[in-house]
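Peer 1: Sequence below, structure please.
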Amino acid sequence: FVPVQSPVVNDHERTIACLEDLAASRTELSDVRPGPLGTLDVYVFADGTTLCMTPGHRETAERLATALRSGQTPVLLGGSGVSGAYTLTFECGEENVYILADRVIASL
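Peer 2: Model (predicted):
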């Protein structure tokens, strides 16, 4: 895996703005790569935006990857910062999938 060579969003406000843009545009998730031992999960969107989240959560990442393989394309419903951490909510078919991460790094 080689991330897209683009600017990295590394401050909280810009990361939140990126998450809001992805949710508002209902940009589809196109790839999910669970990290080894829950270290870092990578989420790639159809517009090329890449989110790296740590710590990873294997069960959640695998759930979203399975949805992609089965044709249920997840979209980000929203995300927010909570005490320095981030919460993300994906719509995945008939259910919602929630993720909590200590850190989110977005490349645009």
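
Peer 1: Do I have it right that Leu100 meets Gly84?
Peer 2: No. Applying CB atoms under 8 Å, one finds Leu100 not in contact with Gly84, separated by 11.7 Å. For the C-beta atoms, the positions are set from N, CA and C on the backbone; glycine is no exception.

Peer 1: Of those two, give the one with the bigger neighbour count.
Peer 2: Leu100 (13 against 8; other CB atoms under 10 Å).

Peer 1: May I have the beta-bridge partners of the more buried one?
Peer 2: Thr87 (DSSP bridges).

Peer 1: show me the contacts for it.
Peer 2: 57, 85-87 (CB atoms under 8 Å, 6 or more residues apart in numbering).

Peer 1: Buried subset of those as a PyMOL selection?
Peer 2: Selection of the buried residues among the contacts of Leu100 in PyMOL, burial being defined by 16 or more other CB atoms under 10 Å:
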select buried, resi 57+86
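
Peer 1: Any chance of CSV for the contacts of Leu100, columns pLDDT?
Peer 2: As requested, these are exported to CSV (pLDDT from 0 to 100):
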residue, pLDDT
His57, 86
Ala85, 82
Tyr86, 86
Thr87, 87
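
Peer 1: okay, the contacts of Leu100 in TSV with distance to Leu51 next?
Peer 2: Listed next are these as TSV, based on distance: CB to CB, whole Å:
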residue	distance to Leu51
His57	13
Ala85	14
Tyr86	9
Thr87	13
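
Peer 1: of all the contacts of Leu100, which comes closest to Asp21?
Peer 2: Tyr86 (14.8 Å; CB to CB).

Peer 1: Which residue, other than its chain neighbours, is closest to that closest one?
Peer 2: Val104 (4.5 Å; CB to CB, 6 or more residues apart in numbering).

Peer 1: Enumerate every residue touching that neighbour.
Peer 2: So Val104 contacts 15, 19, 51-53, 79, 86, 88 (CB under 8 Å, 6+ apart).

Peer 1: Just confirm it is within a strand.
Peer 2: Yes. Under DSSP: H, G, I helix; E, B strand; the rest coil, Val104 sits within a strand.
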